[in-house]
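**Q** Need a 3D model of the following:
(one chain, ligands or ions: 1)
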Amino acid sequence: MSTAQAMGGTWKPVPLTVDYSHDLDGMNAAIDSATRLVYVCNPNNPTGSITNAESLKKFCIEASAKAPIFVDEAYLEFLEKPETQTMVGLVAEGKDVIVARTFSKIHGMAGLRIGYIVATPERIESITSKVRSTMGLCVTSLKGAIASMKETEFLGQCKAQNTECRDYVTSEITNLGYNPIPSYTSFLIFPIAMEGKSFMKSMYEEGVGIRAYEMYGKSWCRVSMGTHEELEYFVETFKKVTKA
Ligand SMILES: Cc1ncc(COP(=O)(O)O)c(C=O)c1O
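**A** Numbers count the residues shown, from 1 in each chain. As a prediction, this is how the structure comes out:
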């Protein structure tokens, strides 16, 4: 939304469905002749939820005839079988779909700021002519990204550790009586009873960095995965701060 605003555009938000997946029919209906881009994040941030791949594919095929569809797959690599969930094949079929990937998530390279998009040659050309500056990527980022892509065993370990930690936090938080949204990403979000800002401040004071959100008239805590020990510390601190 902030990027659209910064470019002088307006934004039509389409609320998620009850299971926190994208309302694809609603999004399709919201496209009109003024629509220049449709943004879909799957799995989604900040909810961590997923939209069914077959439904999303159908949506992309239909809607991309009306406007380019940007599919942000930042968290895709955390899925069990990412190759069955990606929209990248639609680009090969010539659909006006822009698939974005980042090295900031499973590759753990957020500080090196590198990612890529897959789109049709025409779409790459049109994006490049509008937003590409003369500043290139640094060699450290490029070499790091290439090396990381080859580290399939390590990436597999990262995924397994993420799943183990996510299961652990999900079960601890559920046992405390909270209702987290089932997560397909490297974070977990759940509504809390405390006011978000003071909750976040108290957590930070104990050395735990989390994000607080205001959504659906409630405060939410979003915690990112780390090592198991870090998440144990998160759970202990959460109990202390919320006096559970
Ligand atoms: C959905 C989503 N897309 C993209 C990014 C950022 O990617 P990058 O660090 O490559 O800008 C994030 C990071 O928070 C994200 O959550």
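**Q** did I read that right, Ala212 in a helix?
**A** No - going by DSSP: H, G, I helix; E, B strand; the rest coil, the assignment for Ala212 is strand, not a helix.
**Q** so who does Val40 touch?
**A** Neighbouring residues of Val40 by Cβ atoms under 8 Å, 6 or more residues apart in numbering: 22, 27, 51, 56, 59-60, 69-72. The C-beta positions use only the backbone N, C-alpha and C, and glycine is treated the same way.
**Q** which of those come close to the ligand?
**A** The subset of these lying close to the ligand, counting by Cβ under 6 Å from any ligand atom, consists of Asp72.
**Q** Make CSV from the contacts of Val40 and add secondary structure and pLDDT to it.
**A** As requested, those are exported to CSV (DSSP: H, G, I helix; E, B strand; the rest coil; pLDDT from 0 to 100):
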residue, secondary structure, pLDDT
His22, coil, 98
Met27, helix, 98
Thr51, coil, 98
Leu56, helix, 98
Phe59, helix, 98
Cys60, helix, 98
Ile69, strand, 98
Phe70, strand, 98
Val71, strand, 98
Asp72, strand, 98
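**Q** ok, the contacts of Val40 vs the ligand, which is closest?
**A** Distances from the ligand to the contacts of Val40, taken as Cβ to the nearest ligand atom, are shortest for Asp72 (4.7 Å).
**Q** give me the beta-bridge partners of that closest one?
**A** Legend: beta-bridge partners of Asp72 under DSSP bridges are Cys41, Ala100.
**Q** Out of the contacts of Val40, which end up buried?
**A** Buried members of the contacts of Val40, scored by 16 or more other Cβ atoms under 10 Å, are 22, 27, 51, 56, 59-60, 69-72.
**Q** Going by neighbour count, which residues in the one helix or strand in the chain whose mean pLDDT sits lowest are buried?
**A** Ranked by mean pLDDT, DSSP states H and E, the weakest helix or strand in the chain is helix 2-6, scoring a mean of 84. Within helix 2-6, no residue counts as buried by 16+ other Cβ under 10 Å.
**Q** Using CSV, write out the CA atom coordinates for it.
**A** Provided in CSV are the C-alpha atoms of helix 2-6 (Å, rounded to 0.1, in the frame of the first residue of the first chain):
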residue,chain,number,x,y,z
SER,A,2,2.8,2.4,1.0
THR,A,3,4.6,1.7,-2.3
ALA,A,4,1.4,2.3,-4.4
GLN,A,5,1.0,5.6,-2.5
ALA,A,6,4.6,6.6,-3.0
